[in-house]
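In: 3D model of this:
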Amino acid sequence: MFRYAPLALLGAIAAPVAAQETPAPLTATSPDGSLTLSIGVDNDARPTWSLSRKGKLLIAPSKLGFLLTDGIALQRGFAIEGSERSSGDDIWEQPWGERRYVRDHYNELLIRFRQNESWGGHAMNLRFRLFDNGIGFRYELPEQAGLKTAKIADEITEFDIAPKGTAWWITGGEWNRYEQFYQKTPIDAVSTAHTPITMRLEDGTHLAFHEAALVDYAGMWFKRVEGQKFRATLAPSSRGARVVRDLPFATPWRTMRIADDAAGLVENDLELNLNEPNKLGDVSWFKPMKYIGIWWGMIRGPWSWAEGPNHGATTERTRQYIDFAAKHGFGGVLVEGWNKGWNGNWFGHGDEFSFTEATPDFDLKAITDYARKKGVTLIGHHETGGNIANYEAQLVDAMKLYGQLGVKAVKTGYVADAGGIIAPGATPGTTAMEWHDGQRQVEHHQKVVETAAKYHIAVDAHEPVKDTGLRRTYPNWVAREGARGMEYNAWGAFANGPDHEPTLVYTRMLSGPMDYTPGVLSLKGAEDVPLASTLAKQLGLYLAIYSPIQMAADFIENLEAHPRELDFITKVPADWSESHLIAGEVGDYAIFARKDRNSTDWYVGGVNDATDRTLTLTFDCLDPGKTYTATIYKDGEGATYLTDARHRIAYETIRVKKGDTYKLWLAPGGGAAMRLVETR
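Out: Numbers count the residues shown, from 1 in each chain. Got it, this is the predicted structure:
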């Protein structure tokens with residue numbers, strides 16, 4: 001329930017502010033009372049907020065507001081003009097996802113601030129929503145005479161983290177976008193980070209800072225100011241102002257997940273709940289699936305995207321992949337390099353790409369007709385080279401073509417250095433350079449998703465703007481990349497280490513589904529450089545890294561050379577009714593139990609870092625009164641990612657029921673996977 005604090009001295013505050021008693025703040029609590037929010041103004045008439053959990057301060061008083069490029073900042077001279085309170089408790093259904101049903105239970109406090117006339121007299125509202133497992137808040141700028149268009153230089157949104165702790169993070173604003181190794185440092189050693197940024201406090205409390213519903217606004221970076229005080233800073237824009245919006249409008253939500261342990265951080269739907277419900281209506285035309293593709297051959301090197309004798313995307317090869325997909329139950333075949341424009345320097349340029357014209361050795365219509373007869377869909381590919389000016393000019397024609405041909409999903413790409421997006425300029429015929437997560441690119445992704453939806457096409461964006469839960473509002477936005485994926489394992493010195501995936505689970509994956517492209521069963525990259533993985537870990541990735549479209553990335557001959565592992569990959573679902581982290585610690589290991597949405601089967605598995613460990617798993621998630629036959633794929637004796645022993649895998653079949661335990665050894669760089677089928 002809410003606790004109301006007395007309101008006093010809330011009249012207009014002139015500047016400079018004379019010494020006077022500070023008005024008492026407003027307070028509100030989460031439904032279970034564990035979180036307590038306090039919001040008011042400080043001695044300088046600046047809006048501030050703080051947050052406590054179970055009586056312990058988490059966020060010390062932190063400032064709120066905006067800097068503008070063309071006017072007085074929305075920062076000082078504020079008083080509380082009024083407030084409104086509400087609450088909600090609802091359960092809504094996802095069309096696909098980690099779990100079928102999501103509970104949305106919160107208390108809400110809306111505070112209406114207004115500046116003194118000497119500071120501009122502007123109105124600025126703040127809406128806070130408190131859940132038992134976190135908090136979200138956003139700014140709402142109402143229509144007002146003195147401010148028609150907000151030209152935002154930056155936010156003054158602070159998070160002064162009171163307790164000490166450890167952070168896992170990647171640097172914001174660097175050339176390689178989100179595709180970086182995660183750093184593990186004390187909180188006060190963070191510089192500027194992308195979100196989600198994950199923290200574990202000294203008392204074991206887990207935090208993750210992110211944002212929700214990023215629409216027509218710049219992405220937020222998390223910048224340390226001093227000590228453990230952080231401030232939101234927005235991705236830059238060619239216009240100078242990082243965000244330009246006509247009033248009225250609301251910003252994205254600034255979010256903070258809070259949990260006692262790692263599982264509580266992962267099993268948390270905070271950002272989804274802060275997004276608007278599905279705007280597309282019936283999306284049953286998208287079916288979660290697994291796919292293979294003409295992709296790994298280009299990543300490793302034998303094939304090329306460009307035309308010529310090594311061209312990967314030929315009609316003949318695509319037919320072979322369709323045949324393999326049909327034989328083994330894969331729903332789709334991704335084909336990269338099918339279209340004209342790959343022959344020149346496309347990285348960061350992209351001006352020669354056609355999104356409707358195929359290369360001479362690829363018959364697009366014949367391939368889509370063939371796939372349809374085989375019960376397989378072609379997964380289209382639109383690489384832009386970061387040139388959205390060229391892509392947007394063709395976008396409608398490109399999606400319309402795919403719609404006519406029955407292509408059900410498209411993988412988009414924006415390969416360019418951060419800040420290297422080529423966007424339409426302010427005047428016709430000109431271009432401007434933008435950031436991958438700036439306001440202009442956020443607008444672009446929304447345009448692509450909405451256009452694709454008109455033709456019943458799902459979007460899997462690579463080199464994207466980060467996920468902020470918009471898959472709830474636009475359920476055809478099925479996956480994104482947005483981190484170092486499997487492709488880095490093909491590139492020797494750039495390969496991901498054994499702790500990369502166990503860190504992704506608790507950082508990148510808190511934002512939403514990732515197209516990580518697992519399933520390299522050969523465990524070999526370019527020039528046969530080995531992966532930092534055991535064979536069992538490649539199967540465990542299907543449980544640890546969620547996506548409603550999951551790739552089996554290896555060459556089809558390598559998949560076929562591992563029939564038992566291929567059998568697991570073909571059976572593991574890409575859509576779940578329940579998902580639980582049953583064992584795990586940030587950056588170390590993660591074991592999930594997930595229930596198939598379309599059967600009574602359960603799947604258990606996950607990934608490990610470089611330290612071998614033995615876990616005792618408890619099958620508490622299973623349905624009571626039922627017995628299951630568990631087919632287990634685990635690291636073989638002596639397996640390790642460091643030697644050829646990485647290929648050692650062991651198989652076991654046992655019977656289990658709710659409450660049973662199982663002792664599981666995980667190799668260095670290892671993992672495990674289990675399929676549990678109800679015994680009838």
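
In: Am I right that L401 falls within a strand?
Out: No: L401 sits outside any strand when classified using DSSP: H, G, I helix; E, B strand; the rest coil, being helix.

In: Which residue comes closest to it once chain neighbours are left out?
Out: T356 (5.3 Å; CB to CB, 6 or more residues apart in numbering). Where C-beta positions appear, they are placed from N, C-alpha and C, glycine not excepted.

In: Which element, helix or strand, includes the one you found?
Out: Under the criterion DSSP states H and E, no helix or strand holds T356.

In: One more: I367?
Out: Assigned by DSSP H and E, I367 belongs to helix 364-373.

In: Report the mean confidence score over that helix.
Out: Averaging pLDDT along helix 364-373 gives 98.

In: Poorly predicted segments of the stretch 301-450 of the chain, please.
Out: In the predicted model of the stretch 301-450 of the chain, no residue satisfies pLDDT under 70.

In: Which residue ranges of it form strands?
Out: Using DSSP state E, counting those that start in this stretch, the strands found in the stretch 301-450 of the chain span residues 332-335, 377-383, 409-413, 421-424, 431-434.

In: and if you look at the stretch 151-300 of the chain?
Out: When secondary structure is read from DSSP E, counting those that start in this stretch, the stretch 151-300 of the chain shows strands at 158-161, 165-169, 183-186, 192-193, 197-201, 206-212, 220-226, 229-234, 243-246, 249-250, 253-259, 289-294.

In: can you redo the ones you listed as CSV with mean pLDDT?
Out: Formatted as CSV, the strands of the stretch 151-300 of the chain follow (pLDDT from 0 to 100):
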stretch, mean pLDDT
strand 158-161, 98
strand 165-169, 98
strand 183-186, 98
strand 192-193, 98
strand 197-201, 98
strand 206-212, 98
strand 220-226, 98
strand 229-234, 98
strand 243-246, 98
strand 249-250, 98
strand 253-259, 98
strand 289-294, 98
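
In: about what we covered before: can you tell which of the strands of the stretch 301-450 of the chain is closest to I39?
Out: Among the strands of the stretch 301-450 of the chain, strand 431-434 comes nearest to I39, with 34.2 Å by CB to CB.

In: partners of the closest one in the sheet?
Out: Here strand 431-434 is paired, per DSSP bridges, with strand 421-424 (antiparallel).

In: just the CA coordinates of the partner strand, formatted as CSV?
Out: Output of strand 421-424 as CSV, limited to C-alpha atoms (Å, rounded to 0.1, in the frame of the first residue of the first chain):
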residue,chain,number,x,y,z
ILE,A,421,24.7,5.1,-40.0
ILE,A,422,24.1,6.9,-43.3
ALA,A,423,20.7,8.5,-42.9
PRO,A,424,18.6,10.8,-45.1
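
In: distance between the ends of stretch 483-499?
Out: Using CA to CA, to the nearest Å, one end of stretch 483-499 lies 14 Å from the other.

In: ok, and what's touching it?
Out: Contacts to stretch 483-499, defined as CB atoms under 8 Å, 6 or more residues apart in numbering, come from residues 178-181, 296, 299-301, 500, 504, 508, 514-518, 520, 525-527, 529, 531-533, 553, 587-588, 608-610, 641, 668-669.

In: mind redoing it with 6 Å?
Out: Here stretch 483-499 makes contact (CB atoms under 6 Å, 6 or more residues apart in numbering) with 178-179, 299-300, 504, 508, 516-517, 525-526, 529, 531-532, 553, 587, 609-610, 641, 669.

In: Near the residue nearest to D609 when sequence neighbours are not counted, how many other residues are there?
Out: Once flanking residues are discounted, D609 sits nearest to D499: 3.9 Å by CB to CB, 6+ apart. Number of residues near D499 (other CB atoms under 10 Å) recorded here: 21.

In: between the strands of the stretch 301-450 of the chain, which gets nearest to V225?
Out: For those, proximity to V225 was assessed by CB to CB; strand 431-434 is nearest, at 26.1 Å.

In: Show me which positions of the closest one end up buried.
Out: Buried residues in strand 431-434, counting neighbours by 16 or more other CB atoms under 10 Å, are found at T431, M433, E434.

In: No further queries at this time; thank you.
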